[in-house]
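J.: my questions are about this predicted structure, shown below with the sequence.
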Amino acid sequence: MKKVLIANRGEIAVRIIRACHDLGISTVAVYSKADAEAMHVHHADEAICIGEAPSAKSYLKIANLIAACEITHADAVHPGYGFLSENANFASICESCGLNFIGPSSRSIMLLGDKAEAKATAKKVKCPVIPGSDGVVPDVETGLKEARKFGFPIFIKAVAGGGGKGIRIAYTEEDFIKKFMAARAEAEVSFNNPALYLEKMVVNPRHIEVQVMGDKHGHYIYLGERDCTIQRRRQKLIEEAPSPKISEAVRKKMGECAVNIVRAAHYHSVGTVEFLLDEQGNFYFMEVNTRIQVEHTVTEELTGIDLLQYQLKIARGEKLDLKQKDIAFRGHVFEFRINAENPAQQFAPSPGQLEHYIPPGGPHVRVDSACYGGYRIPPNYDSMIAKLIVTGRTREEAIGRSKRALREFHITGVSTTIPFHQYMLEDRKFLTHDYTINYIDGLLAEGCNFTR
């Protein structure tokens, strides 16, 4: 692996470039016309334009990405997260072109990317799973019979869904028919795959995910969990580790289940296994994310392990030089997603030019970003400005430092989620970790505008 093409943009492209340079690997940035002045373009050794601003004409254009590899003589591709990162067809094309796809094999992506197949894999290794349909539901009549068996409320999920998309909730039989048809139509349009499956809805859960790593020689470890329960419409806003709701025994059991699932899929790379935790402390397998995640930084700060470097090393065939007994946690970590959104207006997007961009600093504060003063956030992509990661010896100390860091974070020209995070750090339920995955949506429904 001598030259890596980063098939992505924004902060994750910058993060990958840094990891490559730390290992002495050359980098190629790709960019759309809207991203000509983006930070990842300036940081890479080479840069090449791959199309117009819409992602369908640039970052999702496989032919353009492969052509860019040929032009620049890149021998490897890192997909980052989002875009084509979990596209088995893209991974397969890279493999057939002799390119090292920095991630799992196309076969593993296909297996674990299919929600029904992933659930079957979890069942095989005796990981607890949410009651639901045995594979794809072929039609609404069959689905209704299955739903009656499990009872309402019930999730209707797209097999190819992800990131909170492709999900409907049915509360009654009449509701089920309408939601099933709507979910199938959305899945066809969004994922080009209308297949659906059903899951019993776990009421008032928490969202817990486990970071895993596996090499091409059959060695696997887990690196603890992240609590991602603070979400809006299933989009994560705050992550923390370790989870304040997980005991050491549950942590160990959950980690072992996660490793068993990826081992069964012959997975090699970093990855994340996601679970739901119910009110009684029982956990259930939800899905596997076959890529690096936005919140990988939380695990890096908690363990001191550079996940991006290990992902690159695994891709070039190196053995893991870590064993499970080597993994230790250091204090408590929060990540706050600083997005160009207005919390006071139902998180409405707020693209535009950053008149001022002054990130916080000091001990135990990390900022991952691809923004700078004068940078214009285009409306074509996600709204993330930065990720603020703060560490403390305890949860309370990390909260105190987070308040200071958020106060130091100065951004003008666009609305941001900074006021939301400041509100949450004074919220009684957040401080006592007495909340579930529906908490923020509930506050929004009550008319909360996250100002004090």
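T.: Ah, there it is. Numbers count the residues shown, from 1 in each chain.

J.: now find how far off-centre the lengthiest strand in the chain is within its chain.
T.: Assignment by DSSP state E gives strand 220-232 as the longest strand of the chain. Strand 220-232 sits 10 Å away from the centroid of its parent chain (CA atoms, centre = their mean, to the nearest Å).

J.: do a quick rundown of the strands in the stretch 301-450 of the chain.
T.: Secondary structure of the stretch 301-450 of the chain (DSSP state E, counting those that start in this stretch): strands at 332-339, 341-342, 348-349, 352-353, 356-358, 365-369, 376-377, 384-392, 410-412.

J.: with mean neighbour count and distance to Met181 added, can I get the ones you listed in CSV?
T.: All C-beta spots, glycine's among them, are computed from the backbone N, C-alpha and C. Converted to CSV, the strands of the stretch 301-450 of the chain look like this (neighbours: other CB atoms under 10 Å; distance: least, CB to CB, whole Å):
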stretch, mean neighbour count, distance to Met181
strand 332-339, 25, 32
strand 341-342, 22, 31
strand 348-349, 14, 29
strand 352-353, 13, 38
strand 356-358, 14, 45
strand 365-369, 19, 41
strand 376-377, 18, 37
strand 384-392, 23, 33
strand 410-412, 15, 43
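
J.: ok so, going back, note down every partner strand of the longest strand of the chain and its orientation.
T.: strand 206-214 (antiparallel), strand 235-241 (antiparallel) (DSSP bridges).

J.: tell me what angle the last one forms with strand 332-339.
T.: Put plainly, it is strand 235-241. 160 degrees (axes from the mean of the first three to the mean of the last three CA atoms, to 10 degrees).

J.: for the first one, same thing?
T.: Compare the direction of strand 206-214 with that of strand 332-339 by the same axes, to 10 degrees and you get 100 degrees.

J.: rounded mean pLDDT for strand 206-214, please.
T.: Strand 206-214 shows a mean pLDDT of 98.

J.: kindly report the same for the last one.
T.: Per-residue pLDDT over strand 235-241 has a mean of 97.

J.: and the next helix or strand past that strand?
T.: helix 248-264 (DSSP states H and E).

J.: ok, back up a step: adding distance to Arg251, write the strands of the stretch 301-450 of the chain out as a markdown table.
T.: Putting these into a markdown table (distance: least, CB to CB, whole Å) gives the following:
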| stretch | distance to Arg251 |
| --- | --- |
| strand 332-339 | 14 |
| strand 341-342 | 33 |
| strand 348-349 | 37 |
| strand 352-353 | 42 |
| strand 356-358 | 37 |
| strand 365-369 | 24 |
| strand 376-377 | 38 |
| strand 384-392 | 19 |
| strand 410-412 | 36 |
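
J.: looking at those, which is nearest to Gln311?
T.: strand 365-369 (15.6 Å; CB to CB).

J.: what strands flank that closest one, and is each parallel or antiparallel?
T.: As assigned by DSSP bridges, strand 365-369 forms pairs with strand 384-392 (antiparallel).

J.: still on that earlier bit, out of the strands of the stretch 301-450 of the chain, which gets nearest to Ile17?
T.: strand 365-369 (12.1 Å).

J.: report the mean confidence score over the closest one.
T.: The predicted model assigns strand 365-369 a mean pLDDT of 98.
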